[in-house]
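Participant: this one's structure only:
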């Protein structure tokens with residue numbers, strides 16, 4: 001049974017990311033250090049074991065969890 005893909009483009013906006021946050025995230029992802037290596041390895045692993053829908057679900061759940069547990 002094939003699952004319908006999650007539409008990532010429709011509906012009202014729930015979370016907003018500013019350009020600085022996105023730039024910092026990609027800088028950390030691309031950094032040639034321990035954090036960058038860990039993040040790249042984990043992304044590669046998750047992409048190999050999760051479907052596109054599962055990856056999207058994980059991303060949304062992580063963002064929501066971080067938003068709800070923010071120290072700021």
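Facilitator: All right, it came through fine. All values reported here derive from a predicted model rather than from experimental measurement. Residues are numbered from 1 along each chain as shown.
Participant: ok, residue 36 touching residue 26?
Facilitator: No - assessed by Cβ atoms under 8 Å, residue 36 is found out of contact with residue 26, at 10.3 Å. Using the backbone N, CA and C atoms, a C-beta is placed for each residue, glycine as well.
Participant: these two: which is more packed in?
Facilitator: The neighbour count for residue 36 versus residue 26, taken as other Cβ atoms under 10 Å, is higher for residue 36 (14 against 10).
Participant: any idea how far that one lies from residue 27?
Facilitator: According to Cβ to Cβ, to the nearest Å, residue 36 stands 9 Å off from residue 27.
Participant: and for those two, which residues touch both?
Facilitator: The overlap between the contact sets of residue 36 and residue 27 (Cβ atoms under 8 Å, 6 or more residues apart in numbering) is empty.
Participant: what average pLDDT does whichever strand or helix holds residue 23 get?
Facilitator: Per DSSP states H and E: residue 23 is located in helix 19-30. Averaging pLDDT along helix 19-30 gives 94.
Participant: and that helix, how far out from the chain's middle?
Facilitator: 12 Å (Cα atoms, centre = their mean, to the nearest Å).
Participant: repeat for stretch 59-71
Facilitator: With Cα atoms, centre = their mean, you get 11 Å for stretch 59-71.
Participant: what sits up against it?
Facilitator: residue 15.
Participant: next, the buried residues of that stretch.
Facilitator: Across stretch 59-71, burial judged by 16 or more other Cβ atoms under 10 Å covers no residue at all.
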